[in-house]
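Enquirer: Structure of the sequence below:
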Amino acid sequence: MHAMRRCPRLETFLNGGNGNLSALSLMPRVRTTLVGPQKNAQHGWHVHPVVHGDVMELMGDRSNQDPAEIKNYCPNVRSLWSGIKHFAYPISVIPFARHQGRGSVFNSVGEKTVLTYANIFEAHADEFPDAVAIACGDVEVTWSQYDEHAARLAAAFEINGLGEHSKVGMFMYNCPEYLITQYAAFKNRVTPVNVNYRYLDDELLYLLDNADCEALVFHSSLGDRIQRIAHRLPKLRLLIEVLDSSSAGVIGAIPWESVLDDHDPATRIVRGVDDLYMLYTGGTTGMPKGVMYPMGSFTEGFLGFYTNSAGLPAITSIEGVTALAKMIHTGSGQPVGMPCCPLMHGTGVWLGALVPHLMAGKVVLLEGQSFDAAEMFRVVEHHGVGTLIIVGDAFARPMVQALKQQSDTGTPFDTSAVKMIMSTGAMFSSDIKAEIFEYMPTTVVMDILGSSEGGMGQTMATKANINTTAKFGAMPNTKVINFETGKEVVAGSGEQGMVGVSGSGVPIGYYKDPEKSDRTFRSFDGVRYSFPGDMAVVEADGTITLLGRGSNCINTAGEKVFPEEVEEAVKTHDVVADCLVFGIPDERFGQRVVGVASVNPGERIPTGEEVIAYTKTKLSSYKVPKQLVFVTTVPRAPNGKADYGTARTLFEEAQGSSQS
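Expert: Next up, the predicted model:
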């Protein structure tokens, strides 16, 4: 029989008084039962706070009470609001004492572990140790292995002097080691930095230097680039090499396997909501920038995305996340997601990995370094993938082709497990969605309007209801602002504005770039918004139609190409005097990079192919123009500003002449 003990301050807090949660810390660390009920006189409902060992349950006695309403009465109670179905149904569970041992989710008496990815993952490793966390080819990593490997890597970071806000670069193709490195960084309060594996020497040097990377985990097939630039990065103190198809060879690098073998798992530590998360952009409006988020709001934002999409109430505790994950695993089974796009981009790592891992899901990775739709569908069949994450038409078109070709053989792919296709980062055309539904009629498509700087809208499509291309339902905290008038765009007016999103998910800013931060993250009517640069109109029904980026950024297969960077590279050719680069529509990739150029007086005019080949030695292949036309003079305004409209016309005329 447990001893019973009253806690008046706690009861006062729970039932409408001025108490606070510090009462939890007054609880003795013994098995205790807190008696009740206590009546809230103003609202006419009762709460029974009952403590059993290390947890406290709040019991409500009104069967018709709305949990959200009760939450408003006690807004400071962090809990899992699971609803009141009958008398004495648990409304919430609040920890008040520290568990001992590896499975602890409490920091100290009265101090609950904060809601961050590392803390959630550790709880999942304890609750679902044998469930598969990552699958890639023949390799499967269970949740206990995921946690242990990350803890060993975290120990290596700590021994090498990496701690809070230190940076570790991840220069890898999709692989389990990428996600393990990210988790290890989360564990040690280190900031993971995504590095585009397409970057060549100068691009790579810029990003690693700009990010202040002190460690780098990389694939050995990319090691030659590291070897050439490492001596120019004085802050880089730790190189860890993941062996893939090429042999190791970077001087001073430690093999991945040795790092795991030589270090015991790091002890779990206390972490904070202000730990830094950072994702480098693809250079949409200039050179790549590190978008900074506080880890607490970053985690809560994706947890909110998950629960909102599933029509579930908000969850604000580790215990709540674990309880929901257990319910999902027991009911519909473990979530299985597949990022078909690179983990180095936000779409892949956020929607493809961090979202399914919130519920202790399995993340299935493709082995190939480029997208193969037929391979993808074979892996979908093998693992029973429930959610596919893609980047618009560049992935959807090959998927349609693979589905058609396989169907024509008489043995179509089994896609019955795929309940949802999630897409963001590039246009997903309505006609391509329709073709997808012909082969996958029960699948739902979620098309998301978002960027590294925040999510702004989404739309759902089914076989029976296919939405218009580039039309999205706005999030509750999304506005379209006309900065010329300083007012919000009026629905149905046809007026154009810039899409902005507010709320706790707005980033801190860009790393080491306060001026760019001030332009992108600014206030409207006293509220701070993120304005990544997307232009749109608001339709009469309240939906928003995306017009594109205000800048001349080119989006090719989800990769962002900044024209001025390409133009400068082309102009380093000996005979090129000037150049303008832009995107034109492309059936598969959304946009294709092309351009016009002129030569210095008296110089011979080279072929476009010759200059393109030269540019490939300077830039990543996706940035290089696919076509280049030479003109007498590159069009510019008197003030020197580029005239992209005329340049595009000149290119189209040249193409027409060559085809006639």
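
Enquirer: Can you get me a residue count around the nearest residue to P294 once chain neighbours are set aside?
Expert: Nearest non-adjacent residue to P294, counting by Cβ to Cβ, 6 or more residues apart in numbering: D274, 5.1 Å away. C-betas here are computed from N, CA, C, even on glycine. Neighbour count of D274, defined by other Cβ atoms under 10 Å: 14.

Enquirer: Distance-wise, check D274 relative to S297.
Expert: Distance of D274 to S297, given as Cβ to Cβ, to the nearest Å: 9 Å.

Enquirer: Please identify which helix or strand holds the residue nearest to P294.
Expert: Under the criterion DSSP states H and E, no helix or strand holds D274.

Enquirer: so it touches G296, yeah?
Expert: Yes. Taking contacts as Cβ atoms under 8 Å, D274 lies within contact range of G296: 6.9 Å.

Enquirer: measure stretch 302-320 end to end?
Expert: 15 Å (Cα to Cα, to the nearest Å).

Enquirer: Against V391, how distant is the closest residue in space to A417 that isn't next to it in sequence?
Expert: Take A417 and drop its neighbours on the chain: the residue closest to it by Cβ to Cβ, 6+ apart is G384, 4.2 Å away. In this view, G384 and V391 are 23 Å apart by Cβ to Cβ.

Enquirer: and what of R189?
Expert: Counting by Cβ to Cβ, the gap from R189 to V391 is 31 Å.

Enquirer: who's more crowded, those two?
Expert: Taking neighbours as other Cβ under 10 Å, R189 and V391 compare with V391 leading, 27 against 23.

Enquirer: so what's that one up against?
Expert: Residues near V391 by Cβ atoms under 8 Å, 6 or more residues apart in numbering: 341, 345, 347, 423-426, 557-558.

Enquirer: give me that answer again for 6 Å
Expert: Contact analysis of V391 by Cβ atoms under 6 Å, 6 or more residues apart in numbering lists 341, 347, 425-426, 558.

Enquirer: Just checking: the least confident one among those residues is which?
Expert: Of all the contacts of V391, A426 has the smallest pLDDT value, namely 76.

Enquirer: pretty sure that residue is in contact with F589, am I right?
Expert: No. The criterion here is Cβ atoms under 6 Å, and A426 misses it with F589 at 8.4 Å.

Enquirer: what residues are shared contacts of the two?
Expert: By Cβ under 6 Å, 6+ apart, no residue touches both A426 and F589.

Enquirer: Skip the chain neighbours and tell me the closest residue to the spatially most central residue of the chain.
Expert: For the chain, W350 is the residue whose C-alpha lies nearest the centre (Cα atoms, centre = their mean; 2.4 Å). Using Cβ to Cβ, 6+ apart and skipping residues adjacent in sequence, the residue nearest W350 is F302, 6.9 Å away.

Enquirer: now do K326
Expert: Using Cβ to Cβ, 6+ apart and skipping residues adjacent in sequence, the residue nearest K326 is E127, 6.8 Å away.

Enquirer: And that neighbour, how far from M359?
Expert: Using Cβ to Cβ, we find E127 at a distance of 11 Å from M359.

Enquirer: next one: N196
Expert: 29 Å.

Enquirer: one step back: more crowded one of E127 and M359?
Expert: More crowded of E127 and M359, by other Cβ under 10 Å: M359, with 23 against 17.

Enquirer: Please list all residues in contact with that one.
Expert: 325, 328, 335.

Enquirer: mind running it again at 10 Å?
Expert: M359 makes contact with 120, 124, 128, 303, 306, 310, 321-322, 324-329, 334-335, 337, according to Cβ atoms under 10 Å, 6 or more residues apart in numbering.

Enquirer: ok, now D244?
Expert: Here D244 is in contact with 172-173, 175, 177, 218-223, 369 (Cβ under 10 Å, 6+ apart).

Enquirer: Just give the number of residues close to A323.
Expert: For A323, the count of nearby residues is 16 (other Cβ under 10 Å).

Enquirer: for the helix or strand in which it is found, packing partners?
Expert: Element membership of A323 [criterion: DSSP H and E] is helix 318-331. Helices and strands touching helix 318-331, by 3 or more Cβ pairs under 10 Å, 6 or more residues apart in numbering; DSSP states H and E, are strand 89-95, helix 117-127, helix 295-309, helix 355-358.

Enquirer: export the ones you listed to JSON lines and tack on distance to M460 and mean pLDDT?
Expert: Output for those, formatted as JSON lines (distance: least, Cβ to Cβ, whole Å; pLDDT from 0 to 100):
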{"stretch": "strand 89-95", "distance to M460": "31", "mean pLDDT": "30"}
{"stretch": "helix 117-127", "distance to M460": "26", "mean pLDDT": "98"}
{"stretch": "helix 295-309", "distance to M460": "9", "mean pLDDT": "90"}
{"stretch": "helix 355-358", "distance to M460": "16", "mean pLDDT": "97"}
